[in-house]
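>>> Let me see the structure of the following:
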Amino acid sequence: MKFTKFGVWALIVVMLAVLAACAGNTAAPNTAPAATQPEQPTTASQPAVTQTEPTTVVVEVERNAGQFNANSNLSISRGMDEAAQECVACHKDVNPGIIRDWRDSRHGHVGVSCLDCHQVEKDAPNATQHETLVGTDIYISILVPPSRCSQCHSVETEQFDNSGHFRAYRQIIPKDGLRVLTEVHEGRNNAEFGGAPAQTGCMQCHGTEIKLDADNRPTNDTWPNAGIGNIYPDGSTGNCTVCHTRHKFSIEEARKPEACASCHLGPDHPDIEIYNNTKHGQIYATEGDEWKWDSAPDAWEPGDYRAPTCAVCHMSGIGELQTTHNVSDRLYWNLWAPESKVRNSNDPMNGLYGNGNEGREKMKLVCNACHSSLHTDGFFEQGDRAVQLYNVEYYAPAKKMLDDLKSKGLLKDNPWDDEFQKLYYYLWHHEGRRARQGAMMGGPDYAHWHGFFELQQTLYKMQSLYEYRIENNAIEKP
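All right, here's what the predicted structure looks like:
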């Protein structure tokens, strides 16, 4: 075999690299197997629980925060004062994702700085001072309540305060049954960990009342959370960043159905799944990437999109309708309650908040932007029949059986250990919602197979249990 001069040198380089690698492997200490913990004795009634104390670990890294553009010495001032510029300069290195989002946001374009949102009065309940601000009269808060947003977005805030989203947390405060469910049954009354189901589940959609620690910072049992009904230390309610996530606050993001999907999904209100089951959702999935998402609020009309998203129907300006952040404004029925009724209340804390007849006419205006009135009217007549069928043939007999058993003392005290009461809950809270919402949103699989098909099976089971308890004057077989 012949080697060229270049080939010989290449071979030498490769051999040296292999030798160096081998030397490195030889010098490396052997990795000892992980120490195993001795097994703890267990009893049938008390399983072993291994508790470990958290260990503080200090990690030093050379962080590559990435470049914002070709200029590594990026400086963003945009007319901001020195303190605001300092926020950007520091967080650009420490939290580059925040500054990237802000840089691309409308806020960033018009010079709305970190302090414009995060600065608070010295006597504010959540006022703190970053270490770089000590000695100044600038106080900040990691929390940005909707009262702060309202200084620029007053109309949107007022509309939100008159919507169903406003009571997202407030409506569950008086519900002792729900707290018992999450803390006693799901949390097992555990003094240390029992709040986990609510903290990682309920409040991430509904929100909570945010509490502060001794340093005026939010406590970790109430924050962080993405709940739309948060009550902040200043008393204001809401969470704009649920739909317009920080720090970009994008109108395009809020217009897409995914913005609603983190809460409006699952067995009890699978709205995103229902939407995906509709022709509207099919068109969005097929060509939504090609639509125009950045039109001005009252200029986003059919043509920018070919099928509606959640925002189009419930919030966006279209035709004669102006934009609204009152998501209850275009609704006729209450579809989430045990029994559906037409909305007729002017109290946002009432589940029937809204004017159902006006709401129906407004929603028809949305539909008529793309459909004929014959099509629109026929759609709502079909949906109304489904809602009324549920009311009359499912909820009414189920409620009558429940009340009858209760009056005769034939229900268990623990509803989650009582098959009849569990079935009643599933009937209205799961299957009944799916049937009603599937019908009114045009999702046939949820109206039928996940709705009425399962409803009739649940009702038959309830009737069998009811008949046994009445005939035998007993809850269960001996």
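
>>> How about the contacts made by the residue nearest to Thr136 when sequence neighbours are not counted?
With sequence-adjacent residues excluded and distances taken as C-beta to C-beta, 6 or more residues apart in numbering, Thr136 is closest to Ala83, at 7.3 Å. The C-beta positions use only the backbone N, C-alpha and C, and glycine is treated the same way. Residues near Ala83 by C-beta atoms under 8 Å, 6 or more residues apart in numbering: 115, 133, 136, 138.

>>> And for the last one, the neighbour number?
Put plainly, it is Ile138. Ile138 has 19 neighbouring residues, counting by other C-beta atoms under 10 Å.

>>> gap between the residue nearest to it when sequence neighbours are not counted and Ser113?
Nearest residue to Ile138 in three dimensions, chain neighbours excluded: Ala83, at 5.8 Å (C-beta to C-beta, 6+ apart). Ala83 is 9 Å from Ser113, where distance means C-beta to C-beta, to the nearest Å.

>>> How about Leu335?
42 Å.

>>> Give me the helices and strands touching the strand or helix carrying Lys362, please.
Secondary structure from DSSP states H and E places Lys362 in helix 356-368. If contacts are counted by 3 or more C-beta pairs under 8 Å, 6 or more residues apart in numbering; DSSP states H and E, helix 356-368 sits against helix 310-314, helix 373-390.

>>> so can I have a markdown table of those helices showing mean neighbour count, distance to His448 and mean pLDDT?
Shown next, in a markdown table, are these (neighbours: other C-beta atoms under 10 Å; distance: least, C-beta to C-beta, whole Å; pLDDT from 0 to 100):
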| stretch | mean neighbour count | distance to His448 | mean pLDDT |
| --- | --- | --- | --- |
| helix 310-314 | 21 | 22 | 98 |
| helix 373-390 | 15 | 10 | 98 |
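
>>> Turn those into JSON lines, including distance to Thr200.
Listed next are the helices and strands packed on helix 356-368 as JSON lines, based on distance: least, C-beta to C-beta, whole Å:
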{"stretch": "helix 310-314", "distance to Thr200": "25"}
{"stretch": "helix 373-390", "distance to Thr200": "32"}
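
>>> Flag the shaky bits of the stretch 101-250 of the chain, pLDDT-wise.
Along the stretch 101-250 of the chain, the model assigns pLDDT under 70 to residues 174.

>>> returning to that earlier point: report the buried residues of the helix holding Lys362.
Buried residues in helix 356-368, counted by 16 or more other C-beta atoms under 10 Å: 356, 359-360, 362-364, 366-368.

>>> The closest residue to Ala307 other than its chain neighbours in helix, strand or coil?
Distances taken as C-beta to C-beta, 6+ apart put Ile283 closest to Ala307, at 3.9 Å, once the chain neighbours are dropped. Of the three states, Ile283 takes helix according to DSSP: H, G, I helix; E, B strand; the rest coil.

>>> Looking at the contacts of Ala83, which one is closest to Gly229?
Comparing the contacts of Ala83 against Gly229 with C-beta to C-beta places Leu115 closest, at 27.0 Å.
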